[in-house]
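Trainee: Here's my sequence, what's the structure:
(one chain, ligands or ions: 1)
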Amino acid sequence: MASDAGIDIESLLSEARSFAPPDDFVAHANVHGRAEYDALCKRAADDPEAFWGECARNLDWFAPFSKVLDWQFPFAKWFIGGKINAAYNCLDRHLKGPRRNKAAIIWEGEPGDSRVLTYQMLADEVARAANALKELGVKDGDRVAIYMPLVPEAAIAMLACARIGAIHSVVFGGFSAEALADRIIDAEAKVCITADGGWRRGAHVDLKANVDEALAKCPSVEKTLVVRRVGSDIKMKSGRDVWWHEIVPRQSAQCAAAELDSTHPLYTLYTSGTTGKPKGVLHTIGGYLTHTLMTMKWVFDLKDDDIYWCTADIGWVTGHSYTVYGPLAAGATVLMYEGAPNHPENDRFWRLIEKYRVSIFYTAPTAIRTFIKWGDSWVKKHDLSSLRLLGSVGEPINPEAWMWYRKTIGADRCPIVDTWWQTETGGIMISPVPGAIPTKPGSATRPLPGVAAEVVTREGKPVEAGQGGMLVVRRPWPGMLSTIFRDPDRYKSSYFSQIEGCYFTGDGARRDADGYFWIMGRVDDVINVSGHRLGTMEIESALVSHATVAEAACVGRPDEMKGQAVVAFVTLEGGRHGDDKLKEELRKHVVKEIGALARPEEIRFTEALPKTRSGKIMRRLLRQIASGDETLGDTSTLEDLSVLARLRDDEE
Ligand code: WT7
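Mentor: Got it, this is the predicted structure:
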């Protein structure tokens, strides 16, 4: 089976290290010990609906649900009849007790400025922002695009939408004007919330300039709401652009939370698929909030006195589920940091952990590998003894990085939760429950209670222990996407058409003799760069949109730092000859069209792409070439790759 992750299965198989949860951790854990964990799993397996119903009752409902699940394959509706509001659950319900004056968000900007918002202060800000959105004409069901740096207003904007039943669509601030426009057009957003800019490595990211460029193509957007963050000189279009500080502070801090159906959409978030444009993954309130809240308790073992830090940007699902909705629904204190990990120096993250006494730290393998490269001395300068739990997400973590994380950051003391999930799953699906499950470096361990994950063949048959296969989920779960925005057919064909009766994740995995899952990465044409999924199609279309390019094929190559790096094979128009200057121009073009993440690490010009007789590009062969597979010989000067294809035609 093809694995894009470049994981060596043999070396994983030989991974014999195992770390039991420390006794003092178990003693205080939310799920303490194996027996309690097993009982939880058994209850969930015996009667999933009763189990998830019980979980959902941890939320505040305006009206109780009368039915837990309505499952019309492959469409699930959770908590039918229930009336709920996500912002109410993240804010108002904490105001009734001692959490009212607890810090909800501790924020630090890249230049070192900081703000603390208690639950009461955050609730007031969200209400004002919600009233401002109403003034701008936003109504229940309208889409609002959010294109912002990681400032408190980003979370406030999301919660303000949730409060009035508007559907937010956050677009990562690192995406280009083009990518922003595509997403706004698909969602038909009415309002776009942005900032004059954000800070990144001491420089401004000109978000508003990108918005101006994008909106030239987006007639649906009537108003923009602009936060002043960096104080740069930007153009405000009269009649369209409104300053946040001119409209929000003068609003009332009273804004009743809309009493919405549990199945009302909460947000869309665009993610890459194998073909065509990005998909608007749609999440609905009741199910999503149940899943994110429960996983805060099970996986992050959240307690009221924790300082919790998830380093993900708000533009990714991790920022949605585990910086905003999950932790705030659980009443946590969340640390948010705006900028780069190496500003002003390589120890910024450790400085933040020491300064704010962070106890739970959640980051990505790509960041961990970067820290290893920077060297231990940056870590050693700081007191990290406040940490008690570490998390990883976004891609498979290699055992070496895992061991470094445990020893150097966790002082051999903190459990690591390697959490497998996806934009589509809404919340964590496979992960150790840290007070119950011994961990093994490189394994996400076991599916959470109520999650029916399995490894199967393409025919849907379970594979034996140790065998690779397709990672599927057999039963619906509350956080699952409800559909692809305005494209139910694509929802069906993307997730429910490959393996009969199951949700197919797109990932390969194997399960060891202890029932632990080892994720092997994507099996399709998706590249995972620094924990972010990029569709090869999108990068290829960007390349082909350049005047000189005839055809392009992109694949991932294992990369020590980024997990995978983009390698582009390009044929040029009219037999044109490529040179380094053109390579640089094409790289710039991709950055402009999609964003810096998609920048091809390597570009190879070829006279023809290797194709099968039926015309399918032989990606597996390209992957082998890109990763320098020695069995192919030296292909670096081979100008016509279709020659290689003819030798291999029957394989693909
Ligand atoms: C893909 C989902 C989940 C938030 C960030 C990415 C890979 C994610 C792990 C992990 C191995 C992982 C998978 C998955 N992935 N977490 N712990 N171990 N692989 O969200 O952009 O929707 O990407 O990321 O390949 O399918 P996403």
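
Trainee: quick one, what contacts residue 74?
Mentor: Residues near residue 74 by C-beta atoms under 8 Å, 6 or more residues apart in numbering: 491, 492, 495, 496, 503. (Glycine included, C-beta is placed from N, CA and C.)

Trainee: Give me the buried subset of the residues you listed.
Mentor: The neighbour count (16 or more other C-beta atoms under 10 Å) marks 491, 495, 496, 503 as buried among the contacts of residue 74.

Trainee: could the residues you listed be laid out in CSV, adding pLDDT?
Mentor: Listed next are those as CSV, based on pLDDT from 0 to 100:
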residue, pLDDT
491, 97
495, 97
496, 98
503, 98
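
Trainee: What about the ligand: which of those touch it?
Mentor: Applying C-beta under 6 Å from any ligand atom to those, one finds that nothing falls near the ligand.

Trainee: Farthest pair within those?
Mentor: 491 and 503 (10.5 Å; C-beta to C-beta).

Trainee: any chance of the buried ones among the contacts of residue 74 in CSV, with distance to residue 635 and secondary structure too?
Mentor: Compiled in CSV, these are given as follows (distance: C-beta to C-beta, whole Å; DSSP: H, G, I helix; E, B strand; the rest coil):
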residue, distance to residue 635, secondary structure
491, 39, helix
495, 36, helix
496, 38, coil
503, 38, strand
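
Trainee: which ones are touching the residue nearest to residue 56 when sequence neighbours are not counted?
Mentor: With C-beta to C-beta, 6 or more residues apart in numbering as the criterion, residue 56 has its nearest non-adjacent residue at 4.5 Å, and that residue is residue 290. Shown in contact with residue 290 (C-beta under 8 Å, 6+ apart): 52, 55, 56, 58, 59, 78, 79, 478, 479.

Trainee: Tell me which residues are up against the longest helix anywhere in the chain.
Mentor: Taking DSSP state H as the criterion, the chain has its longest helix at helix 119-135. Under the criterion C-beta under 8 Å, 6+ apart, residues 87, 91-92, 94-95, 99-102, 104-105, 117, 144, 152-153, 155-157, 159-161, 163-164, 166, 191, 225, 244, 247-249, 251-255, 331 lie in contact with helix 119-135.

Trainee: Report the angle between the helix or strand that it is followed by and helix 119-135.
Mentor: Next in sequence after helix 119-135, counting helices and strands by DSSP states H and E, comes strand 143-147. On the basis of axes from the mean of the first three to the mean of the last three C-alpha atoms, to 10 degrees, strand 143-147 is oriented at 120 degrees to helix 119-135.

Trainee: Centre of the chain to strand 143-147, how far?
Mentor: 17 Å (C-alpha atoms, centre = their mean, to the nearest Å).

Trainee: What is the next helix-or-strand element following that strand packed up against?
Mentor: With elements assigned by DSSP H and E, the helix or strand that comes after strand 143-147 is helix 152-164. In this structure, helix 152-164 makes packing contacts with helix 86-90, strand 103-108, helix 119-135, strand 143-147, strand 167-170, strand 191-195, strand 265-271, judged by 3 or more C-beta pairs under 8 Å, 6 or more residues apart in numbering; DSSP states H and E.

Trainee: Adjacent strands (with direction) for the fifth one?
Mentor: Looking at strand 167-170 with DSSP bridges, its paired strands and their directions are strand 143-147 (parallel), strand 265-271 (parallel).

Trainee: if we can go back for a sec, how far away from the center of its chain is the longest helix of the chain?
Mentor: Distance, centroid of helix 119-135 to centroid of chain: 26 Å (C-alpha atoms, centre = their mean).

Trainee: Give the buried residues for it.
Mentor: Across helix 119-135, burial judged by 16+ other C-beta under 10 Å covers 119-134.

Trainee: In the sheet, which residues pair with the residue of the stretch 551-652 of the chain at minimum distance from the ligand? Tell me.
Mentor: Ranking the residues of the stretch 551-652 of the chain by distance to the ligand (C-beta to the nearest ligand atom) places residue 563 first, at 9.0 Å. When bridges are called by DSSP bridges, residue 563 pairs up with residue 529, residue 559.

Trainee: Number of residues surrounding it?
Mentor: Neighbours of residue 563 under the rule other C-beta atoms under 10 Å: 27.

Trainee: Okay, strands next: where are they in the stretch 351-500 of the chain?
Mentor: Applying DSSP state E, counting those that start in this stretch to the stretch 351-500 of the chain gives strands spanning 360-363, 389-392, 416-418, 453-456, 468-473, 483-484.

Trainee: and those, which one is worst for confidence?
Mentor: Lowest mean pLDDT of those: strand 468-473, a mean of 94.

Trainee: Using CSV, write out every CA atom in that strand.
Mentor: Extracted in CSV, the C-alpha atoms of strand 468-473 (Å, rounded to 0.1, in the frame of the first residue of the first chain):
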residue,chain,number,x,y,z
GLY,A,468,-1.3,-2.3,7.2
GLY,A,469,-4.8,-1.2,5.9
MET,A,470,-7.3,1.6,5.6
LEU,A,471,-8.3,3.5,8.7
VAL,A,472,-12.1,3.6,8.9
VAL,A,473,-14.8,4.5,11.4
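
Trainee: in its sheet, what does that strand sit against?
Mentor: In the sheet, strand 468-473 lines up with strand 453-456 (antiparallel), strand 503-511 (antiparallel) (DSSP bridges).

Trainee: So that strand, near the ligand or not?
Mentor: No - using C-beta under 6 Å from any ligand atom, we find that strand 468-473 stays clear of the ligand, coming within 8.1 Å at best.

Trainee: outside of that strand, which residues touch it?
Mentor: 1, 3, 9, 425, 429, 451-458, 460, 463, 498-499, 502-505, 507-510, 517, 519-520, 523.

Trainee: Now do the contacts for the residue of the stretch 51-200 of the chain found nearest the ligand.
Mentor: Residue of the stretch 51-200 of the chain nearest the ligand, by C-beta to the nearest ligand atom: residue 172 (10.6 Å). Going by C-beta under 8 Å, 6+ apart, residue 172 touches 313, 315, 316, 595.

Trainee: Give the PyMOL command for selecting the buried subset of those residues.
Mentor: Per 16+ other C-beta under 10 Å, the buried members of these correspond to this PyMOL selection:
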select buried, resi 313+315+316+595
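
Trainee: The contacts of residue 172: which ones sit near the ligand?
Mentor: Counting by C-beta under 6 Å from any ligand atom, residue 316 from those sit close to the ligand.

Trainee: most neighbours per residue, which of the strands paired with strand 468-473?
Mentor: Across the strands paired with strand 468-473, averaging neighbours per residue (mean count of other C-beta atoms under 10 Å) puts strand 503-511 on top, at a mean of 23.

Trainee: continuing past that one, what's the next helix or strand?
Mentor: As assigned by DSSP H and E, the chain's next helix or strand after strand 503-511 is strand 517-522.

Trainee: Who are the packing partners of that following strand?
Mentor: strand 468-473, strand 503-511.

Trainee: Next, format these as CSV and append distance to residue 304.
Mentor: Shown next, in CSV, are those (distance: least, C-beta to C-beta, whole Å):
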stretch, distance to residue 304
strand 468-473, 32
strand 503-511, 34
